[in-house]
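Novice: Got a sequence here, can you build the structure:
(2 chains)
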Protein chains: 2
Amino acid sequence: MAERRLRETLLPADIAAVRALVHATGFFSAAEVDIAAELVEETLSRQAASGYRFLLLEQHGVLVGYTCYGEIPGTTGSYDLYWIVVAPGCQGQGFGRWLLRETEARVGALDGRLLYAETSSRAQYAPTHRFYEGAGFHEAARLPDYYAPGDGKVIYAKSLPQPAG
Amino acid sequence: MAERRLRETLLPADIAAVRALVHATGFFSAAEVDIAAELVEETLSRQAASGYRFLLLEQHGVLVGYTCYGEIPGTTGSYDLYWIVVAPGCQGQGFGRWLLRETEARVGALDGRLLYAETSSRAQYAPTHRFYEGAGFHEAARLPDYYAPGDGKVIYAKSLPQPAG
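Specialist: You can find the predicted model right below:
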């Protein structure tokens, strides 16, 4: 496992690396790819003030996955998992679950009580639903036709263990 | 009714007027008052690109209520009612309902299909819940402990009539 490592501090090269990674999945629209890259850029320039945190997974020095998460504005201890992405060639090896577990640990250490993940109700996202359910999330809400007619929003939630004391 | 009028175009003086109005209700935290004023400022400087729209209600030239709404990023035709505020001295006269009805009409004219309003589950918000339910909204989701322990989020939704043709 020595060739795999997690990193929390963004580097300027991550803007292009995240863009390439999100694009490579074939799962996100051009607008979503732009947003993913912009979040990296904004977080690099505004640091903690951006409200976004990143956890990056590198293999042999190459970015192969990441999460982007942060405390939801207006809440105390509710976090949103904005992004979780694993490179197509690295899927099915537990990298996503590892990234999620490590992200949950970091959210818990920040006194996060709840972690939310929003996704689409479309059939294309069935593996995503299974991923969250297998990771201990439950479906907290379902809003039909939210994204577009026939494309609802599913909100998954997970209660995080609270630090002792 | 000649002394009451609706206005959609923001003026620089609205930054202070909205701040004073939101503060006067006694219902919002200092941080929320700041956010309300910042949304006016941002919309004034970025215009339509801000994604926020305003509907202002003036009585004898004084701002006595407003809504702030906009299409939810990443959706097609789902709108969020971010703010609806009526001056304390003008409540109970149907101004809120009028503002909401006029806002719904504008969202519908923009091809909005759904209007969402998020609020707290706390007892303090019972009148807010009755207001939305009386206006034809339904409770679409309830997320316990979302804002803080014991303070959940209630998501109200209303399907809007689609323009003919």
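Novice: Residues of chain A that sit close to chain B?
Specialist: For chain A, the residues in contact with chain B (C-beta under 8 Å from any C-beta of the partner chain) are A:32, A:74-78, A:113-114, A:116, A:140-143, A:145-149, A:155, A:157. For every residue, glycine as well, the C-beta is placed using N, CA and C.
Novice: element containing the residue of chain A found nearest chain B?
Specialist: Nearest residue of chain A to chain B: A:A141, at 3.3 Å (C-beta to the nearest C-beta). With elements taken from DSSP states H and E, the one containing A:A141 is strand A:138-148.
Novice: Convert the C-alpha atoms of the helix or strand A:D34 falls within to CSV, please.
Specialist: Taking DSSP H and E as the definition, one finds A:D34 inside helix A:30-46. Output of helix A:30-46 as CSV, limited to C-alpha atoms (Å, rounded to 0.1, in the frame of the first residue of the first chain):
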residue,chain,number,x,y,z
ALA,A,30,-19.4,19.5,-19.0
ALA,A,31,-21.0,22.0,-16.5
GLU,A,32,-20.4,19.6,-13.6
VAL,A,33,-16.8,19.1,-14.7
ASP,A,34,-16.4,22.9,-14.7
ILE,A,35,-17.9,23.1,-11.2
ALA,A,36,-15.6,20.4,-9.9
ALA,A,37,-12.5,22.2,-11.1
GLU,A,38,-13.8,25.6,-9.9
LEU,A,39,-14.3,24.2,-6.4
VAL,A,40,-10.6,23.2,-6.3
GLU,A,41,-9.6,26.6,-7.6
GLU,A,42,-11.7,28.5,-5.1
THR,A,43,-10.5,26.4,-2.2
LEU,A,44,-6.9,27.0,-3.3
SER,A,45,-7.4,30.7,-3.3
ARG,A,46,-9.6,31.1,-0.3
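Novice: what's next to it, contact-wise?
Specialist: Here helix A:30-46 makes contact (C-beta atoms under 8 Å, 6 or more residues apart in numbering or on different chains) with A:10, A:12, A:14-16, A:18-19, A:22-23, A:28, A:50, A:52-54, A:68, A:82-83, A:85, B:74.
Novice: For the residue of chain A closest to chain B, give me its contacts.
Specialist: A:K153, A:V154, A:I155, B:A140, B:A141, B:R142, B:L143, B:I155.
Novice: Quick one: buried ones out of those?
Specialist: Those of the contacts of A:A141 that meet the buried threshold are A:K153, A:V154, A:I155, B:A140, B:A141, B:L143, B:I155, by 16 or more other C-beta atoms under 10 Å in any protein chain shown.
Novice: Just put those in a markdown table and tack on distance to A:C90 and pLDDT.
Specialist: Formatted as a markdown table, the buried ones among the contacts of A:A141 follow (distance: C-beta to C-beta, whole Å; pLDDT from 0 to 100):
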| residue | distance to A:C90 | pLDDT |
| --- | --- | --- |
| A:K153 | 27 | 98 |
| A:V154 | 25 | 98 |
| A:I155 | 27 | 98 |
| B:A140 | 37 | 98 |
| B:A141 | 34 | 98 |
| B:L143 | 32 | 98 |
| B:I155 | 36 | 98 |
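Novice: Quick check: of those, which lies closest to B:R5?
Specialist: Proximity of the buried ones among the contacts of A:A141 to B:R5 (C-beta to C-beta) peaks at B:I155, which lies at 31.8 Å.
Novice: And the pLDDT at the nearest residue to A:A87 once chain neighbours are set aside?
Specialist: Of all residues not flanking A:A87 in the chain, A:V64 sits nearest, at 4.4 Å (C-beta to C-beta, 6 or more residues apart in numbering or on different chains). pLDDT for A:V64: 97.
Novice: And A:Q91, by the same measure?
Specialist: In this prediction, A:Q91 has a pLDDT value of 88.
Novice: what does A:P163 give?
Specialist: At A:P163, the pLDDT value in this model is 69.
Novice: distance of the closest residue to A:G150 other than its chain neighbours from A:A141?
Specialist: Take A:G150 and drop its neighbours on the chain: the residue closest to it by C-beta to C-beta, 6+ apart is A:R122, 7.7 Å away. Separation of A:R122 from A:A141 (C-beta to C-beta, to the nearest Å): 16 Å.
Novice: And for A:G112?
Specialist: 19 Å.
Novice: picking up where we left off before, just the buried ones out of the contacts of helix A:30-46, please.
Specialist: Applying 16+ other C-beta under 10 Å to the contacts of helix A:30-46 flags A:10, A:14-15, A:18-19, A:22-23, A:28, A:50, A:52-54, A:68, A:82-83, A:85 as buried.
Novice: what secondary structure does the closest residue to A:Y69 other than its chain neighbours sit in?
Specialist: Of all residues not flanking A:Y69 in the chain, A:L81 sits nearest, at 5.0 Å (C-beta to C-beta, 6+ apart). When classified by DSSP: H, G, I helix; E, B strand; the rest coil, A:L81 comes out as strand.
Novice: quick check, A:T119 in a helix?
Specialist: No - under three-state DSSP, A:T119 sits outside any helix and is assigned strand.
Novice: Give me the pLDDT for it.
Specialist: Per-residue pLDDT puts A:T119 at 96.
Novice: unless I'm mixing things up, it is touching A:Y125, no?
Specialist: Yes - with contact defined as C-beta atoms under 8 Å, A:T119 counts as touching A:Y125 (5.3 Å).
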